[in-house]
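J.: below is the sequence, then the predicted model.
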Amino acid sequence: MTARAAARLATLDRSLPVWLLAALILVVLMVLPLGWLAWLSVAGERGPTLAHYARVFGDVPLRRAVWNTIVLAFWSGAASVAVGAPLAWLTARTDLPWARALRALTLASFVTPPFLGAFAWVMLAGPNAGLLNRTWRGLTGGEAPLVNIFTMPGLIFVVALYTFPYVYVIIANTLELVASDLEEAGAILGAGRLTVALTITLPLVAPAIASGFVLSVLQALALFGSPAILALPAGFHTITTQIWSFFQYPPKVEMAAAFSMPLLVATALLLWLQRRVLGRRGYAAVGGRGGQRRRIALGAWRYPALAGCLLVMTCSVFLPYGVLAKAAFARAWAQPLTWDNLTLANWTFTFLEYSSTRDAIVNTMELAVLTATAGAVLAALLAYVTNRRLVRGSQALGFLAVAPVVVPGVVFAVALFIAYTRPPLVLYGTLAILFVAYLTKEMPVGYAQSDATFKAIQPDLEEAGRILGAGRLRVLREITAPLARGGIIAAWCFVFIGVIRELSASIILFTPNTKVMSVVMFDLKEEGQFGAIAVLGLFMLAMTLATVAFVQRVAGRDVLGARE
Amino acid sequence: MRLRPLRTLVALAAACAVVAVPAAEPAFAQNPRVDGAKKEGKVVWYTSLALLSAEKVAKLFEAAYPGVKVEVHRTGSQRILQRVMQELQAGIKIVDVIHTSDAGHFVLLKEKKLLAAYTPAGVERFPAGFKDRDGFHYGLRATVNVIAYNTKVVPAAEAPKTWTDLLDPRWKGKLVTAHPGYSGVTATHVLALVHLLGWDYFKQLAQNRPMIVQSAADPPGVVASGERPVAANGGDYTFYQVKKKGNPVEIVYPREGVPLVVSPTAITVFAPHPSAARLFTDFTFSREVQQVLADSEGLYTGHPDVKYPADKPRLGDLKLLMTDPEELEKRNEEIKGRFVEFFGA
Amino acid sequence: MPGISLRGLVKRYGQVGAVDGLDLEVAPGELVSLLGPSGCGKTTTLRLVAGFLSPDAGEIVVGERRLSAPGAVVPPERRRMAMIFQSYALWPHMTVAQNVGYGLRVRGGLGRAEREARVREVLARVQLAGYGSRYPGELSGGQQQRVAVARALVVEPEILLLDEPLSNLDANLREEMRFEIRRLHETFAITTLYVTHDQAEAMVISDRIAVLERGRVAQLGTAHDIFERPRTRFVAEFIGRTNLIDGIAESADTIVCGTVRLRVASGGLKPGQPAALSIRPHAMALTAVMAPGALAGDIRRASYLGDAVDYEVALEGSPIVLRITTPPSAPLGPGARVGVSIPPEACVPLAGSIQ
C-alpha cells in the first residue's frame, strides 16, 4: 500500500463507523423507546387519537397529582437552595470550623438513596410513633406531634434533605473559582462584609444558584421512592407514583404514556431554561482563576453558623442512619433499645432466610459493575472523540451523550417497557433491560466526568508521543490512558453509585428473577418489614461508602469535585 | 486496574447471602415425582402469604425435599396478578405456583386458560368453600378481616367493637387501612363490607383520614408501633402473630360479621417445573403444614384434622361474611377505583 | 540530512486562511525561525510540518519524501521528526529517563542497555546527569525545558521542530537558553524550524528568519538583512523600533515630505511616486542646530533609559515626528532646539517604493 493510500484510509472515514455505531446505540437506547412512548400515548383503536390525554387530564385526581408534583418540585428546589447555598459559602469561603467534616457529611447525604432517607424519616417523624414526636411528647406532655412527615411539607423536607447536595456542589465549585480579589476590590471601595457578599459574591454565583435550583427541581420531579413512601400513606399521588400505579392490573400503559409526557416536556423546558441562564452569564464570567482566596472571618457568627450546618447534617445523616441502625438491631423499632429489644434476628432473616436477598445483591452488583464499566468506557471514548475532534460533528456526539438528562427515570422505564416487551427485541424479564435503563440514565454523569478529565489532558502530551514515533493507538494506550485513569475511575464510581441506588426505573422494569436491592427494599416496605429494610439499607450504605473510599484513594480527590 | 477491593466486596456479599440449610433425610426418596422435582431443582412460588410465613413454608419444604429449592416471590395479591400478566405479555414463563388472597384472580386466570387442573392429595375432605368445582384451584388457607387496637393507647372499654364504630370522629387520624389495589385480603374485605354497609361506609371512613398502607400484613406493625392505634382492617393472622410476639395488640371480631378470605393456590398451565409444583402443592396441603399454618401463623385452614390454638376463636363461632369470587373478579376495577376516589391514593 | 520545502501551503479554518499560500525553503542543517505576531500562522505552519494538520492546498517535502499534500498526509509518527513544545509536554506519569527514552523505545532497533546508555549520555549533555529517576513535577522550569530538549535530541531526528520553547521561562533563564539552543544546533546541525514571537530570540538563534504576516512569508533573510533592509512596512515595524516616513520620490535617490528632503543611499526610487522609508532610531544623531546637513527640530519628549536616551523630535517644516536613540551623554530636555543628522545609508526604502 502506498503512503498516499494509507493516509487516505486513515483520514477518510473513521467518522463513518463511529457515526453508524453511535446512531445504532442512539436508536436502541433512546429513539425506539421514546418513539413508542409517544406513539402509544396517541394510539387508538382507529388511528391516532388524543383520547388518552383527554382522559388523563380530564380526571380530577390525576390533575391533582400534577399539581402536587409542581408544588413538591418547586419547594424542594427552593429549600435545597436555601440550605445548599449558605452551606457552600460557609464551607468554601469562611473560617467556619470543621469545613472538611461538613463537606464529607454532605457527601454522605449525597450518596444516601432518597427512598432510604424517606423510610428513615417515617421512623423518626411519623406523627404518633416517630421517635422525635415521642420525645417531644415526653418533654412537653402534649398530645400534638412536633412534625408529621406524612404531609406535603414533610415530603418536601425529606426530598430537600437529599437534593441540597446538588446545589452545594455547583455553588461550592463556582465559589472556588471566584478569586478573593474580586471581593476585595469591593471591600477596598468601602463595602462591608455583608454588602460584599450580597453585591459581588451573590451576583457572581447567581447563575450557579439558578442552575442548582433547576437541578434539584429536576431531581424532585423524577423521584419515585420518597413520594411512594410518604405521599401514598397520606392519600395523595405525584406524577411518578401515579404512572407507576397505571401498571396495576389491568395495565393502562397508554395512560401511563400520556401521563409521562408532561414530565418529559417539563424536564426539557427546565433544562433549556438553565442553558439560557448559563449561556448569557456562564461560568466563564467568574474568571479570576488561580487568584488568591482568603477566608472571610465570621467573628461572633462562627459558632451559630456551625450549629446551623450541624443541624442540617443531623437531619440528613445522623438521625436517619441512627434510626436505621436502631431498627436493624431491634425487635420492635419503636420501643426503646433495651436488652430485651436487642436482636440479630433482622440480620439472620435478611441474609439467611429471606430468599430474595442473595439474588438481589448479586443482581445489583452485577448490574452496577457492568453498567459502570460499560458506561465509563463508553463515556471515556465519547469524551475522547469529542475533545480531540476526531470525527466530523463530534460536538453533536457529546450533546447526545448528555441528552438522556431530559428523560426522568420513570418515564424512561415506561418507554423501555413499551418498546422491549414486544418483538423484535424482547428484553423485559432480563437484566439487559435494566442495564439499558441504567446505562442511559447514568451516561450524562459519566460523560460529564470524562469530558472534564480529557479537557484537563493537554493535546500536546499526545502529540509529543506521536511525533516521537508512536501511533495513535499506542499513544492512547501508553500516554492518554494512564493520565486519564483517575478521572475514568471516578466516572466508574459515579455510575456505580447511581446504579446501586436506582429505584424509579427499576420498579417498573424488574421481574422476580431480576430484582435489585432497591426493589427488594421497596417490596419489604410495602409489607412494613422495617428491620429487614434497615439491614439492607445499612448494607447498601457500606457498599457505597466502600466504593467512594476506593475512588478517593485512586483518584486522589473527593467525589464532590473539590480539590484538596 | 485496581478493582480488587470491589471483587472482595462482591464475594463478601455473596458469602453473607448464601443460605446454608442443614440437609434433612429425604422423606419419599423412591417417589418418581420426587425424582422429577429434583431434576427440575426448584419451584417458583408467587405468593401473597405474609413474608415470614411464606419463607417458613419454603424452608419446611426444602428441609423435607433436599435438592428442591423454593423460590419465594412475596408481594401483594394484586401485584402478583399484575406480574403474571405482564410477564406473559412479554412471553416470560417462570411461575409454577400462584397463591393470592383474591379469589377473583383465579376466576380470571382460569378463564384465560392459564391454570392447570390439579387436585392436591387430601383436599376431598375440605369444605366446599375451599374447592373449585372444576378442580383448578384450592383454598390453601383462610383468614378473617378484623379490627385491632394498641392496648397501651386505647383502653379495652373504649376500643371500637363494630365496623361502624370506626366512623366515630374520635378516631380521626387514628386509623390505618390496607389497600385493595395491593392486597387481596383487603379487596375481599371491601367487597364484603360494601354488601353489608354500602359504599357510603367507606366514604365516611375516609373522613377519618386513615393512614393508607399497602399490604394487609402492614397494619399490625403500624398498630404495634403506635403510629396509628387502631387498624380498620387486616387479616387476623398477622395481628395474631404480632400479639404473640408480645406486642400490645388486641383483636376485635366485629359483631356485624367478619369478611372471610379464602386464599386459593393453583399451578400454572405453563409451569416450567411441573413435578416440583405438584410436589410442593401437595406438601402445602398436607396436615403437617396446614397445622403449622394454624399453630404458628394463626391462620384458618380447610383441613378437617387441624387443631387451632386455644386463644383463637373457632371459625364456626364467628359470623362470616362471604364473597363470591366471580363478583370479586368483575368488580375488581370498581373496588380499586372507588377506594382511590375516597381515600386519595 | 534533508532540507524542508513548503510550497504554496494553505490551511483554512472556516473562511479564514491561517496559512495562505506559504512558500519556504529550509536548507539541510539550517535553523530557520518563523517569526511573527500571534495569528500570523506560524504555529499552524509548524503543525502542518509535524503532520498534526493536513493542508488544504500545497505540499510539504522533506528531502525526497512528500510528507503532506491535500488528502495525503504521512502521520506524525512516520515523519522521523522531533518536536519541543511550548508546554514542554513532559508526561507526568513517567520519570525523566522514561520520558527521554520513550522515542527510542517506540522507534525500536535498540537494545534496552543501549537505550539506557543513550539516555544517560543525552541527559549528561543537557546537564541533567543523575536526574533520570525524578518525575517532571519534581523539576524546575529550566530543568523541564532541558528534559524536553533531551527527549527530542536523543532520537536523532531528521527535522527538529520547536514551538516557542522558551516562552515559559523567566527572563534570565530565557536569555541563557537562547545561547544553549544555538550551541546545540551548532553541535548537531539538525534541520530546524523554530517558532517564536520574540525577535531578539529569533535573531540570536537563527541562521535565517522568516517573518510571517497573515499566513505568508513577508521576508526571509538573515537577522542582519531583515533588520537593516526590511522590505515591508510590516517587517520594519515588527523587527525592532523604527521610524516610517511617507513622502513623494523627487528623484531616484531623494524623497520629499513637506519641506524636508531626505537622501536615500540605495537609490532606485520611482520619481513622482509615493514612497516610504524606514529609519532606525539609533541610525540618526543629534547635532548642534546649525551643523551642516542637519535638519532643525524641537525635542518633544526625552526619556532617560540609563544606557541610552530616547527622544521624540518634531522636524521643522513637516509633520514628521522622529524617535531617535542616542548615547546618554549630556541629555537634553524637552523644548530644546536641535539639529538631526540623517545619513543616506540610514534611509531604507520599503518594497513598493523602489523599481
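T.: Looks like it came in fine. Note that the structure is predicted; figures quoted are calculated from it, not measured.
J.: any idea how many residues pack against A:Ala99?
T.: Residues near A:Ala99, counting by other C-beta atoms under 10 Å in any protein chain shown, number 18. Glycine gets a C-beta too; all of them are placed from N, C-alpha and C.
J.: which element is the closest residue to it other than its chain neighbours on?
T.: Of all residues not flanking A:Ala99 in the chain, A:Thr91 sits nearest, at 4.2 Å (C-beta to C-beta, 6 or more residues apart in numbering or on different chains). Assigned by DSSP states H and E, A:Thr91 belongs to helix A:60-93.
J.: swap in C:Arg301?
T.: Assessed by DSSP H and E, C:Arg301 sits inside strand C:295-304.
J.: mind giving me the packing neighbours of that strand?
T.: When contacts are defined as 3 or more C-beta pairs under 8 Å, 6 or more residues apart in numbering or on different chains; DSSP states H and E, strand C:295-304 packs onto strand C:309-315, strand C:337-341.
J.: residues in the stretch 151-300 of chain B within reach of chain A, list them.
T.: B:173, B:181-182, B:209, B:211-215, B:217-218, B:220-222, B:224-229, B:245, B:247 (C-beta under 8 Å from any C-beta of the partner chain).
J.: quick one, what contacts A:Tyr168?
T.: Going by C-beta atoms under 8 Å, 6 or more residues apart in numbering or on different chains, A:Tyr168 touches A:Gly84, A:Ala85, A:Leu87, A:Ala88, A:Thr106, A:Gly212, A:Leu560.
J.: how far away is C:Glu116 from chain A?
T.: 17 Å (C-beta to the nearest C-beta, to the nearest Å).
J.: distance from the chain centre to the helix or strand containing A:Ile488, please.
T.: Element membership for A:Ile488 (DSSP H and E) is helix A:481-500. Relative to the centre of its chain, helix A:481-500 is centred 15 Å away, using C-alpha atoms, centre = their mean, to the nearest Å.
J.: is that helix positioned near chain C?
T.: Yes: Helix A:481-500 is in contact with chain C by C-beta under 8 Å from any C-beta, via A:Pro482, A:Leu483.
J.: got the angle for the host helix or strand of A:Met313 vs helix A:60-93?
T.: Assigned by DSSP H and E, A:Met313 belongs to helix A:302-313. Relative orientation of helix A:302-313 and helix A:60-93, computed by axes from the mean of the first three to the mean of the last three C-alpha atoms, to 10 degrees: 140 degrees.
J.: packing partners for helix A:302-313?
T.: helix A:60-93, helix A:99-111.
J.: and the ones you listed, which one is worst for confidence?
T.: Per-segment mean pLDDT for these reaches its minimum on helix A:99-111, at a mean of 89.
J.: what's the first helix or strand after it?
T.: helix A:114-125.
J.: which residues in chain A form strands?
T.: For chain A, the strands defined by DSSP state E cover A:43-44, A:47-48.
J.: which one of the residues in the stretch 151-300 of chain B is closest to chain C?
T.: Per C-beta to the nearest C-beta, B:Pro272 is where the stretch 151-300 of chain B lies closest to chain C, at 53.8 Å.
J.: distance check, that residue against A:Gly192.
T.: Per C-beta to C-beta, to the nearest Å, B:Pro272 is found 76 Å from A:Gly192.
J.: these two: which has the busier surroundings?
T.: Comparing B:Pro272 with A:Gly192 by other C-beta under 10 Å, the one with more neighbours is B:Pro272, at 15 against 11.
J.: correct me, but that one touches B:Lys93?
T.: Yes: between B:Pro272 and B:Lys93 there is a contact at 6.3 Å, judged by C-beta atoms under 8 Å.
J.: residues contacting the residue nearest to C:Val26 when sequence neighbours are not counted?
T.: Nearest-residue entry for C:Val26: C:Ile4, 4.2 Å, with adjacent residues in sequence omitted and distances by C-beta to C-beta, 6+ apart. By C-beta under 8 Å, 6+ apart, the contact set of C:Ile4 is C:Leu24, C:Glu25, C:Val26, C:Val49, C:Ile60, C:Val61, C:Val62, C:Ile159, C:Thr191, C:Leu193.
J.: would you show me how to pick out the buried ones of those residues in ChimeraX?
T.: For the buried members of those, the matching ChimeraX selection, counting by 16 or more other C-beta atoms under 10 Å in any protein chain shown, is:
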select /C:24,26,49,60,61,62,159,191,193
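J.: got TSV for the contacts of C:Ile4, with secondary structure, pLDDT and distance to C:Leu123 too?
T.: Output for these, formatted as TSV (DSSP: H, G, I helix; E, B strand; the rest coil; pLDDT from 0 to 100; distance: C-beta to C-beta, whole Å):
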residue	secondary structure	pLDDT	distance to C:Leu123
C:Leu24	strand	96	33
C:Glu25	strand	96	34
C:Val26	strand	96	28
C:Val49	helix	95	27
C:Ile60	strand	96	32
C:Val61	strand	96	34
C:Val62	strand	95	28
C:Ile159	strand	94	22
C:Thr191	strand	96	24
C:Leu193	strand	96	25
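J.: in JSON lines, list the contacts of C:Ile4 along with distance to A:Val205.
T.: Converted to JSON lines, those look like this (distance: C-beta to C-beta, whole Å):
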{"residue": "C:Leu24", "distance to A:Val205": "51"}
{"residue": "C:Glu25", "distance to A:Val205": "56"}
{"residue": "C:Val26", "distance to A:Val205": "53"}
{"residue": "C:Val49", "distance to A:Val205": "46"}
{"residue": "C:Ile60", "distance to A:Val205": "50"}
{"residue": "C:Val61", "distance to A:Val205": "56"}
{"residue": "C:Val62", "distance to A:Val205": "53"}
{"residue": "C:Ile159", "distance to A:Val205": "50"}
{"residue": "C:Thr191", "distance to A:Val205": "54"}
{"residue": "C:Leu193", "distance to A:Val205": "47"}
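J.: let me know the closest of the contacts of C:Ile4 to A:Ala403.
T.: Distance to A:Ala403, by C-beta to C-beta, is smallest for C:Val49 among the contacts of C:Ile4, at 39.8 Å.
J.: show residues contacting stretch A:534-551.
T.: Counting by C-beta under 8 Å, 6+ apart, A:107-108, A:111-113, A:116, A:119-120, A:321, A:324-328, A:333, A:346-347, A:350-351, A:357, A:361, A:365, A:489-490, A:493, A:496-497, A:500-501, A:517, A:520-521, A:524, A:559, B:5-6, B:9, B:13 sit against stretch A:534-551.
J.: just the buried subset of the residues you listed, please.
T.: In these, burial by neighbour count holds for A:107-108, A:111-113, A:116, A:119-120, A:321, A:324-328, A:333, A:346-347, A:350-351, A:357, A:361, A:365, A:489-490, A:493, A:496-497, A:500-501, A:517, A:520-521, A:524, A:559, B:6, B:9, B:13, counting by 16+ other C-beta under 10 Å.
J.: residues from the stretch 201-350 of chain A in reach of chain B?
T.: A:231-237, A:241, A:245, A:247-251, A:331-334, A:349.
J.: make it 7 Å
T.: A:232-233, A:235-237, A:245, A:247-249, A:251, A:332-334 (C-beta under 7 Å from any C-beta of the partner chain).
J.: one more: the stretch 51-200 of chain A?
T.: A:Pro61, A:Gly126, A:Asn128, A:Ala129, A:Phe150.
J.: in the stretch 151-300 of chain A, where is pLDDT below threshold?
T.: Low-confidence segments of the stretch 151-300 of chain A (pLDDT under 70): A:178-184, A:186-187, A:190-191, A:193, A:278-294.
J.: just the pLDDT for the closest residue to chain B within the stretch 51-200 of chain A.
T.: Among the residues of the stretch 51-200 of chain A, A:Ala129 lies nearest to chain B; the distance is 3.7 Å by C-beta to the nearest C-beta. In this model, A:Ala129 is scored at 89, pLDDT.
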